[in-house]
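K.L.:
Dropping a prediction and its sequence here:
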Amino acid sequence: MAHYEYRTHGTCSKLISFDIEEGRLHGVRFLGGCDGNLKAIGRLTEGQDARVIADTLRGNLCRQKGTSCADQLAKAIDEALGAKA
């Protein structure tokens, strides 16, 4: 299992940590941000295919920020999977 940490940009959350094992997400956690919503993202993504989650969440925007915590998770996954390639 590989562990990743991603410093977010343009969101209330500051850091996302997660693991990827055999292409599946585990233990997605956000530091800061909307606690209930971000815990829900962690639960909904647990054990799911990382690439599918990234494709689903990419481009989801919060207000006028041009990004969101979900969009930042997609970027974090993209970076993590790109690093493995």
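P.N.:
Received it, and whenever you're ready, just let me know what you need.
K.L.:
contacts, neighbours, all on C-alpha from now
P.N.:
Noted.
K.L.:
Correct me if wrong, but His3 is in a strand.
P.N.:
Yes: assessed by DSSP: H, G, I helix; E, B strand; the rest coil, His3 belongs to a strand.
K.L.:
That one touches Leu25, doesn't it?
P.N.:
No: using Cα atoms under 8 Å, His3 is not in contact with Leu25; the gap is 10.0 Å.
K.L.:
Name the residues contacting each of the two.
P.N.:
Common neighbours of His3 and Leu25 are listed as Phe18, Asp19 (criterion: Cα atoms under 8 Å, 6 or more residues apart in numbering).
K.L.:
and the residue nearest the centre of the chain, what helix or strand is that in?
P.N.:
In the chain, the residue lying closest to the centroid (Cα atoms, centre = their mean) is Leu73, at 2.2 Å. If you go by DSSP states H and E, Leu73 is part of helix 69-84.
K.L.:
buried sites along that helix?
P.N.:
Residues of helix 69-84 classed as buried by neighbour count (16 or more other Cα atoms under 10 Å): Cys69, Ala70, Asp71, Gln72, Leu73, Ala74, Lys75, Ala76, Ile77, Asp78, Ala80.
K.L.:
Does it pack against any helices or strands, and if so which?
P.N.:
Counting contacts by 3 or more Cα pairs under 8 Å, 6 or more residues apart in numbering; DSSP states H and E, helix 69-84 packs against strand 2-7, strand 13-21, helix 50-57.
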